[in-house]
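Enquirer: Quick one, fold the following:
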Amino acid sequence: MQYHKPRMRKVRILATLGPASDTPEMIEKLFRAGADAFRVNMSHGEQADKAQLIANIRALEKAYNRPTTILVDLQGPKLRVGTFADGKVELRTGDTFRLDTDQAPGNAHRVYLPHPEIFAALEVGARLLLDDGKLVLRVTEIGLEYINTMVEVGGALSNRKGLNVPDVVIPIAALTEKDRSDLAFALEQGVDWIAMSFVQRPEDVAEGKKLIGNKAALLAKIEKPAAIGRLEEILELADGVMVARGDLGVEMLPEQVPPLQKKIVSTARRMGKPVVVATQMLESMIVSPSPTRAEVSDVATAIYDGADAVMLSAETAAGAWPIEAVSIMDRIAQQVESDPDFYKRIHFTETPADSTTADALAEASGRIVDTIETSAIVCFTSSGSTARRISRERPSVPLLVLTASQSTVRRLGLLWGAFAVRTKDIGSFEEMVAKGKRMALRYHLGQAGGRIVIMAGVPFGTPGSTNVLHIVRLTGDELKGH
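Expert: This is a model prediction of the structure:
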């Protein structure tokens, strides 16, 4: 059996699949170019097509003897206006415009709004954003069946364009009927992560977790201003978080997004939850074979901030240069991580250990590898919590994660610096040391005479019981007979 050398890059690349990249050949090319995990977007296409897509991704496991990581992104509730008699209208700045419960086709003065829950939640003075924020309405009066507004920013408005309500929490479930159907389908397919769109409050995450159970990990997408105010509560419940800058940028002023990105990344890091930075990272590569310098700088900034993963959306799903987009992102990451100041910058964010044995040992492992020469940290885990704790320290050496759990090994594909391998359970301390040394040598993460740090929990196989930190020297004889 061939043992593939792990990628030494710490940050993960999450690539979205779509019409430009949904064939087995393209998926393999994206993987070889540097994609560590794949996003399947349920906003487009049919479930039957997604089943084939998921099967194509999983086929990489056999071909490369390496786990694959699949994230299914649910569409979430989309607020939309109704239709217009002529298909579209022109709203002029300063005009009045009404949204109401009358299902008749609209005109330049009014349109049907098929979301009764908005009427009760709105307040006079709130903004309504149409068509990704291109048009702005200000609420002047609210009745039981109508909302009167003043057009602050006018423009063309056509059938069923999206509506954003940034200033209030709308009492709608984060999961629509379509989402529930897509979620059940995704869990049947055995995917690893479920991304929940338009999370506004912790209760949204709790609802998702209840439906998912232990079948997948939940990634909360932060794209509503309401979620920012309750970020820690949301992160407490979620398994990870995504900085969804597209919709966040629609609902907030553009200049507010960068500080919020920093806040979300640092909060997630402090709480030891994986964080993905997404949207428009290499946007110009949808049509161009090379990115702008500003985009390169943007990707680099997310990596310097210590994000676990950076994501490509339309660049790989529908763009003309999907492989090049992954390749340049991989090169940016490698360049940033080889910067002599990289670890200094990445540790600007303080990640104080919780007062548990496991956290204390994880923090110690990070210090040990900076104090004495070691080539890797090897950790044994069943749930992945030990790996997450060590990754939170952003250690300067590779993290080799050994687990008997198929689901754990796949989920760890979004974790900073983790190279996860599925292996049989261990039963004793001696076996742990022998296997840790053998696997480090097998995957070229150490050589004869070098040292590695091993972390595990005794008794073995008990989730969340990390209580052993052991430093061992490799002799080079460990692979003999294997």
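Enquirer: how about the strands of the stretch 251-400 of the chain, start to end?
Expert: Counting by DSSP state E, counting those that start in this stretch, the stretch 251-400 of the chain has strands at residues 275-278, 309-312, 376-380, 399-403.
Enquirer: now, of those strands, which is deepest in the fold?
Expert: Ranked by average neighbour count under the criterion mean count of other Cβ atoms under 10 Å, the strands of the stretch 251-400 of the chain are headed by strand 376-380 at a mean of 28. C-beta here means a position set from N, CA and C on the backbone, and glycine is covered the same way.
Enquirer: what's the offset of that strand from the middle of its chain?
Expert: The chain centroid and the centroid of strand 376-380 are separated by 24 Å under Cα atoms, centre = their mean, to the nearest Å.
Enquirer: same deal with stretch 161-180?
Expert: With Cα atoms, centre = their mean as the basis, the mean position of stretch 161-180 lies at 20 Å from the chain mean.
Enquirer: avg pLDDT for it?
Expert: Averaging pLDDT along stretch 161-180 yields 92.
Enquirer: please renumber so the chain begins at 18
Expert: Will do, 18 is the new start, and the previous item becomes stretch 178-197.
Enquirer: isn't there a helix covering Asp442?
Expert: No: Asp442: not assigned to a helix; according to DSSP: H, G, I helix; E, B strand; the rest coil it is coil.
Enquirer: Which residues are in contact with the spatially most central residue of the chain?
Expert: Centroid-nearest residue in the chain, with Cα atoms, centre = their mean: Val293, separated by 3.8 Å. Val293 makes contact with Leu31, Leu236, Gly257, Val258, Met259, Val260, Ala324, Asp325, Ala326, Val327, Met328, Leu431, according to Cβ atoms under 8 Å, 6 or more residues apart in numbering.
Enquirer: Thr368 too?
Expert: Applying Cβ under 8 Å, 6+ apart, the residues near Thr368 are Arg286, Arg287, Gly289, Arg409, Glu410, Arg411.
Enquirer: Do I have it right that the third one meets Arg409?
Expert: Right, the one you point to is Gly289. Yes: here Gly289 lies in contact with Arg409, judged by Cβ atoms under 8 Å, at a distance of 4.2 Å.
Enquirer: ok, these two, which is more surrounded?
Expert: Remark: of Gly289 and Arg409, Arg409 carries more neighbours, 28 against 19, as counted by other Cβ atoms under 10 Å.
Enquirer: how close does Pro131 sit to Thr118?
Expert: Using Cβ to Cβ, to the nearest Å, one obtains 8 Å as the distance from Pro131 to Thr118.
Enquirer: okay, the contacts of Thr368 in TSV with distance to Ala102 next?
Expert: Compiled in TSV, the contacts of Thr368 are given as follows (distance: Cβ to Cβ, whole Å):
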residue	distance to Ala102
Arg286	52
Arg287	53
Gly289	54
Arg409	57
Glu410	61
Arg411	58
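Enquirer: got those as TSV, with pLDDT and distance to Ala337 columns?
Expert: Conversion of these to TSV gives the following (pLDDT from 0 to 100; distance: Cβ to Cβ, whole Å):
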residue	pLDDT	distance to Ala337
Arg286	97	35
Arg287	95	39
Gly289	95	39
Arg409	96	38
Glu410	95	40
Arg411	97	35
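Enquirer: quick one, phi/psi of Lys232?
Expert: Note on Lys232: backbone dihedrals following degrees, to the nearest 10 are phi -80, psi -20.
Enquirer: Correction: the previous question concerned Asp221.
Expert: phi -60, psi -40.
Enquirer: quick one, what contacts it?
Expert: Contacts of Asp221 by Cβ under 8 Å, 6+ apart are Ala190, Ala191, Leu192, Met213, Phe215, Ala237, Ile251.
Enquirer: Produce a ChimeraX select command limited to the buried residues of the contacts of Val293.
Expert: To isolate the buried members of the contacts of Val293 in ChimeraX, using 16 or more other Cβ atoms under 10 Å:
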select :31,236,257,258,259,260,324,325,326,327,328,431
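Enquirer: Much appreciated, bye for now.
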